[in-house]
Each structure stands twice: as C-alpha cells, then as structure tokens.
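Student: Build me a model:
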Amino acid sequence: MPSFKKLKKSWTDTSQPKRKHDKFYSSRGWRRLRDQITLRDAYLCQICKRNGVITKIHPGSGDYAVDHIKPKRFFPDLYKDADNLETTCKTCHAIKSAKEQKYKNINQWYADNT
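Tutor: Sure, this is the predicted structure:
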C-alpha cells in the first residue's frame with residue numbers, strides 16, 4: 001500500500017485553477033453539503049465499508065473527505081450532486097485520488113470504472 005504522506009499530494013484537484021478550487025471548497029454551500037453527506041453516510045468511510053471494514057470518521061478532525069465518486073474534472077455538472085458524493089477516510093481518499101490522476105481523459109476513466 002502506498003504511504004499516506006506520498007499520497008497526500010493527490011488530494012488537490014489540479015484540473016482547476018487553485019483559487020477557484022479553494023473558493024469552492026471553502027464556500028458555505030459546500031460545507032453544508034459536506035455535512036449532509038457525512039450525516040447521510042453515518043460518519044463511515046464508504047470505500048472501507050464496501051470492503052467490509054468499518055472506519056468511523058470524526059467531523060472537524062480533518063481525518064476524512066467528502067469525495068466525488070465520478071471525478072469533478074470529468075463530470076463538472078455533478079459536483080454538487082449528493083448521489084455523486086460519499087464520505088471517505090483520508091487514506092481511501094488519497095489512494096482513490098492518486099489512481100484518478102493517471103487518467104488523461106474521460107474515456108480512460110470509463111475504461112477502468114464501468
């Protein structure tokens with residue numbers, strides 16, 4: 001398994017200019033939606049859960065992320081869609097994000113995810 005520190009770099013979506021990216025994730029609307037998703041997901045990492053592991057996240061601790069299931073850079077119209085969001089622990093989020101960085105276009109993403 002890749003180390004947590006090495007994967008940390010992939011948490012930032014580099015497909016958007018930094019300022020726009022930061023503005024979105026610091027907005028009141030995103031924070032409200034993020035809180036709704038973590039509540040809906042019962043404060044559990046959904047990726048761990050699918051793999052038979054229960055990983056509880058702690059709101060406010062920074063040990064989790066609300067992740068776009070379909071990457072925002074390929075599916076920008078789904079970025080606020082609750083059905084395209086899930087709670088993940090930082091480790092699962094970093095692994096998923098690192099994997100997504102290899103996709104150069106939407107066709108490559110579909111080839112691995114459908």
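Student: okay, CA-based contacts and neighbour counts for the rest of this
Tutor: Noted.
Student: Looks to me like V66 is in a helix.
Tutor: No: according to DSSP: H, G, I helix; E, B strand; the rest coil, V66 belongs to no helix; its state is strand.
Student: wait, doesn't it sit right on A82?
Tutor: No: applying CA atoms under 8 Å, one finds V66 not in contact with A82, separated by 10.2 Å.
Student: which residues of the protein score low on pLDDT?
Tutor: For the chain, applying pLDDT under 70 flags the ranges 1-21, 114.
Student: Repeat the analysis, applying 90 as the threshold.
Tutor: 1-26, 58-63, 72-74, 79, 99-114 (pLDDT under 90).
Student: All the strands of it, in order from the start?
Tutor: Taking DSSP state E as the test, the strands found in the chain are 64-68, 85-89.
Student: Which of the ones you listed sits closest to G52?
Tutor: Minimum separation from G52 across these (CA to CA) falls at strand 85-89, 13.9 Å.
Student: and that closest one, what does it pack onto?
Tutor: helix 28-40, helix 46-50, strand 64-68 (3 or more CA pairs under 8 Å, 6 or more residues apart in numbering; DSSP states H and E).
Student: of all these, which gets the most neighbours per residue?
Tutor: Among these, strand 64-68 has the highest mean neighbour count (mean count of other CA atoms under 10 Å), at a mean of 22.
Student: Each with direction, which strands does that strand pair with?
Tutor: strand 85-89 (antiparallel) (DSSP bridges).
Student: got the angle between the strand it pairs with and helix 28-40?
Tutor: 70 degrees (axes from the mean of the first three to the mean of the last three CA atoms, to 10 degrees).
Student: Dump strand 85-89 to CSV, restricted to CA.
Tutor: What follows is strand 85-89, C-alpha atoms only, in CSV (Å, rounded to 0.1, in the frame of the first residue of the first chain):
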residue,chain,number,x,y,z
LEU,A,85,-20.6,12.3,-3.2
GLU,A,86,-19.5,9.9,-0.5
THR,A,87,-17.7,10.1,2.8
THR,A,88,-14.2,8.6,2.8
CYS,A,89,-11.3,8.3,5.2
